[in-house]
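In: Give me a 3D structure for the following:
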Amino acid sequence: MKSQDTAQTFGEFFRLKRITLGFTLRSFCERYSYDPGNISRLERNILPPSIDKQKLEGYALALKIPRDSEEWTIFFDLAHAAKGKLPEDLLKSPHILSILPAFYRTARGEKLDKKKIIQLIKLLNDVGKKE
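Out: Numbering: from 1, shown residues only. Predicted coordinates:
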């Protein structure tokens with residue numbers, strides 16, 4: 001079985017957290033008043049997760065993910081990735097927004113020249129310093 005660090009999707013991450021807590025699907029849903037059919041579809045990536053903050057927080061707390069932990073961030077990031085959306089905190093960051101075009105080009109297989117790579121590294125380092 002994969003560790004939580006290697007979960008590739010929101011559904012996999014959710015399922016691994018639930019199993020790690022010792023819950024079956026039904027016992028988890030009974031405990032937290034969730035619909036087992038919806039949670040099953042969510043875990044199998046058939047139903048995309050909500051990116052509503054309150055809904056995600058409810059899931060995260062039920063899964064015993066510590067607030068503001070790395071797992072918390074991963075959980076929210078995976079939900080947004082599943083919806084094809086950028087998390088709101090990233091959308092509000094001019095530094096992050098400034099590196100996205102270079103990321104998009106790289107993801108599409110375009111090569112960055114040395115100058116652009118240096119600029120990208122500088123921007124990434126600047127973002128890390130602001131946190």
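In: So, low pLDDT: which residues of the protein?
Out: Applying pLDDT under 70 to the chain picks out residues 1-7, 126-131.
In: same thing but 90
Out: 1-8, 84-131 (pLDDT under 90).
In: Now do the domain split for it, please.
Out: Domain segmentation of the chain under automatic domain parsing yields 4-86, 93-130.
In: Just say which of these is most tucked in.
Out: domain 4-86 (a mean of 16; mean count of other CB atoms under 10 Å). For every residue, glycine as well, the C-beta is placed using N, CA and C.
In: packing partners for the biggest helix by length in the chain?
Out: Identified as the longest helix of the chain according to DSSP state H is helix 114-130. Contacts defined by 3 or more CB pairs under 8 Å, 6 or more residues apart in numbering; DSSP states H and E place helix 114-130 against helix 94-107.
In: For the helix it packs on, C-alpha coordinates in PDB please.
Out: C-alpha atoms of helix 94-107 as PDB (Å, rounded to 0.1, in the frame of the first residue of the first chain):
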ATOM      1  CA  PRO A  94       1.900  38.200  -7.100                       C
ATOM      2  CA  HIS A  95       5.100  36.200  -6.800                       C
ATOM      3  CA  ILE A  96       3.400  32.900  -7.500                       C
ATOM      4  CA  LEU A  97       1.500  34.400 -10.400                       C
ATOM      5  CA  SER A  98       4.700  35.700 -11.900                       C
ATOM      6  CA  ILE A  99       6.300  32.200 -12.100                       C
ATOM      7  CA  LEU A 100       3.200  30.500 -13.500                       C
ATOM      8  CA  PRO A 101       3.900  31.300 -17.200                       C
ATOM      9  CA  ALA A 102       7.400  29.700 -16.900                       C
ATOM     10  CA  PHE A 103       5.900  26.700 -15.200                       C
ATOM     11  CA  TYR A 104       3.200  26.300 -17.900                       C
ATOM     12  CA  ARG A 105       5.900  26.500 -20.700                       C
ATOM     13  CA  THR A 106       8.000  23.900 -18.900                       C
ATOM     14  CA  ALA A 107       5.000  21.600 -18.300                       C
END
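In: Tell me the helices and strands packed up against that helix.
Out: Against helix 94-107 (3+ CB pairs under 8 Å, 6+ apart) you get helix 88-91, helix 114-130.
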